[in-house]
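K.L.:
Sequence first, predicted coordinates after that:
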Amino acid sequence: MKGLPEQTRIRPAGQRAIDKALKELQNDVWVIITKKRTGSSYDDHISLNQDKTAEIQRFLAER
């Protein structure tokens, strides 16, 4: 979660909020979370679902 502030990432309440938001986005199929090999371990890679681009743009325009 490199793009999020560190004070949000390290606090338990912030981590719960991040997990909840990611789960909701994944359930709506707006994001795709895959495991990517990074050296000797695996990390989660999060990307937007290209098939949902128009729906995501409409959602953001409404806000």
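P.N.:
Now that the structure is in, tell me what you want to look at.
K.L.:
Report all helices and strands that the longest helix seen in the chain contacts.
P.N.:
What stands out as the longest helix in the chain, according to DSSP state H, is helix 12-27. If contacts are counted by 3 or more CB pairs under 8 Å, 6 or more residues apart in numbering; DSSP states H and E, helix 12-27 sits against helix 6-10, strand 31-38. Quick note: C-beta positions are derived from backbone N, CA and C, even for glycine.
K.L.:
Could you list the low-pLDDT ranges of this protein?
P.N.:
Applying pLDDT under 70 to the chain picks out residues 1.
K.L.:
In it, which residue is most central in space?
P.N.:
residue 22 (4.6 Å; CA atoms, centre = their mean).
K.L.:
Please report phi then psi for residue 3.
P.N.:
Dihedral pair for residue 3: phi -80, psi 0, per degrees, to the nearest 10.
K.L.:
distance of it from residue 9?
P.N.:
10 Å (CB to CB, to the nearest Å).
K.L.:
Residue 45 now?
P.N.:
17 Å.
K.L.:
now residue 62
P.N.:
Residue 62 is 28 Å from residue 9, by CB to CB.
K.L.:
Looking at these two, which is more packed in?
P.N.:
Neighbours were counted for residue 62 and for residue 9 using other CB atoms under 10 Å; residue 9 has more, 12 against 6.
K.L.:
In this structure the more buried one contacts residue 18, no?
P.N.:
Yes: in terms of CB atoms under 8 Å, residue 9 counts as a neighbour of residue 18; the distance is 7.2 Å.
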